[in-house]
Every structure is written in C-alpha cells, then in structure tokens.
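Novice: Got a sequence here, can you build the structure:
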Amino acid sequence: MGKSEYTKILEAKRKAKIALVSKSWAGSKPTEPLVVIFAHQKDEKLLFQLLEGCLILPGHFIVVCDSEPGDHLKKPTGKITFVNPEDGRNKPRIDQYMEAADMAVLFEEHMHSLEDVMKKGVVIIGHEKSPFLNNYHPNEETGNSFTFESKNPWTVFMALVRANETYRFPYDWGNIVRGILKTDFK
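Specialist: Take a look at the predicted model:
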C-alpha cells in the first residue's frame with residue numbers, strides 16, 4: 001500500500017526543514033516551528049509589534065516583505081530572517097522556505113497565495129473572513145487554520161500563539177494538516 005498524501009507531505013517537509021536548519025540557522029532546531037510571515041511595507045508598524053512578540057516564541061520566523069525595515073524601527077535579530085520578494089534572486093529561497101514551513105501568516109493582500117501555500121501542508125494564520133479558512137477547534141478536532149478577527153498585533157499574535165502551542169501536539173497538528181488537505185478551493 002502506498003503512502004498517503006499526508007505522510008508524503010510531512011516527510012518532505014521534515015527533510016526540507018532539516019536541510020534548511022542545518023545550513024542556515026545555528027542554534028535552531030528542526031523540531032521547532034518554521035513560520036513564514038508575508039507582509040507589506042504599509043503594515044510595517046503592525047509587523048514589528050508582532051515580531052517583538054515572536055522573539056519569545058519557539059521557532060524561526062521568515063519575514064517576506066517588499067522592503068527592508070525602516071531606520072525608525074528596530075529590526076529584530078536572531079531568530080528572524082528578512083527576505084525581499086522583489087529581488088528575483090530570492091525566489092528560490094522563498095520556495096525553499098515554503099517547502100519547509102509549518103505555518104504562514106497571511107494578511108488580506110496575500111490571500112491570492114492561499115491555495116498554493118496550503119497545498120504545501122502549511123497551516124495558515126489568517127483573517128477569519130476567508131471562506132477557505134476554518135479556525136481550529138481542538139475539542140471538535142476540526143479546522144484547517146488559526147484565524148484572527150481583526151488586523152491588529154494582539155489578535156494576530158493570539159492566533160500565532162495558539163498555532164505555536166498546538167504545534168507541540170502531533171495528534172492535533174496532524175488533524176489540522178489533514179483538514180488542509182481536505183479543503184475544497186472551488
């Protein structure tokens with residue numbers, strides 16, 4: 001009997017993450033979550049408030065942003081990597097990050113990428129208005145994402161913390177990834 005799509009995705013993701021962590025980030029562990037955050041320069045203040053909170057969470061954070069942080073904002077270092085998608089040389093790196101990513105924070109302006117990201121087995125942290133995102137309910141073991149109700153640092157961070165906490169429980173995380181694979185994008 002062949003491997004399920006779920007098993008294939010998790011195995012590929014594990015291998016991609018081990019390769020990425022071993023050559024890119026000293027001190028990071030492949031057992032910690034890898035989170036990709038898609039942002040725009042116009043959301044700079046929200047982004048950096050969110051990143052300050054991310055420093056206390058386990059994992060590594062990749063920020064895909066159309067500009068480098070402004071001089072007026074302190075750029076967090078260490079477990080946060082910035083990648084500019086406007087630089088064509090970064091496309092292969094972004095693809096590599098997405099193959100290894102466990103989670104992605106998507107705001108409204110990035111929802112056009114939702115299907116591609118979810119098909120890679122990446123759990124979305126996104127706005128509850130999306131018809132494709134169903135907030136995860138651990139008691140019911142249903143859902144395919146972690147949603148926030150408004151675009152402010154606190155609600156986004158709360159959804160990110162919920163995702164990060166749930167990641168530590170393989171059974172629950174597996175239910176979410178299976179929920180992603182059942183998502184009908186039609």
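Novice: Would you confirm that residue 128 contacts residue 147?
Specialist: Yes. Counting by C-beta atoms under 8 Å, residue 128 does reach residue 147; the two are 3.9 Å apart. (C-beta placed from N, C-alpha, C; glycine too.)
Novice: list the residues that contact both of these two?
Specialist: residue 135 (C-beta atoms under 8 Å, 6 or more residues apart in numbering).
Novice: quick one: which of those two has more around it?
Specialist: Each of residue 128 and residue 147 has its neighbours counted (other C-beta atoms under 10 Å); residue 147 has more, 20 against 15.
Novice: where do the strands sit along this structure?
Specialist: 34-39, 60-65, 80-83, 103-106, 123-127, 145-148 (DSSP state E).
Novice: With only the CA atoms kept, save the last one in CSV.
Specialist: Think strand 145-148. Provided in CSV are the C-alpha atoms of strand 145-148 (Å, rounded to 0.1, in the frame of the first residue of the first chain):
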residue,chain,number,x,y,z
SER,A,145,-6.1,27.1,10.3
PHE,A,146,-5.9,29.6,13.1
THR,A,147,-7.8,32.8,12.4
PHE,A,148,-7.9,36.3,13.8
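Novice: Any regions of the protein where pLDDT drops low?
Specialist: In the predicted model, the chain carries pLDDT under 70 at residues 1-2, 25-27, 67-78.
Novice: which non-adjacent residue is nearest residue 97?
Specialist: Leaving aside its sequence neighbours, residue 97 sits nearest to residue 62 (C-beta to C-beta, 6 or more residues apart in numbering; 4.9 Å).
Novice: For beta bridges, what are the partners of the one you found?
Specialist: For residue 62, the beta-bridge partners under DSSP bridges are residue 36, residue 81.
Novice: Quick one: residues contacting the residue nearest to the spatial centre of the chain.
Specialist: Ranked by distance to the mean C-alpha position of the chain (C-alpha atoms, centre = their mean), the top residue is residue 104 at 1.9 Å. Taking C-beta under 8 Å, 6+ apart, we find residue 104 in contact with 35, 36, 37, 38, 98, 117, 122, 123, 124, 125.
Novice: Against residue 65, how distant is it?
Specialist: 13 Å (C-beta to C-beta, to the nearest Å).
Novice: which residues do the two both contact?
Specialist: residue 38.
Novice: got a list of contacts for the helix ranked longest in the chain?
Specialist: Of all segments of type helix in the chain, defined using DSSP state H, the longest is helix 5-24. Residues outside helix 5-24 that contact it (C-beta under 8 Å, 6+ apart): 3, 28-30, 34, 60, 81, 96-97, 99-102, 120-121, 174, 177-178, 181.
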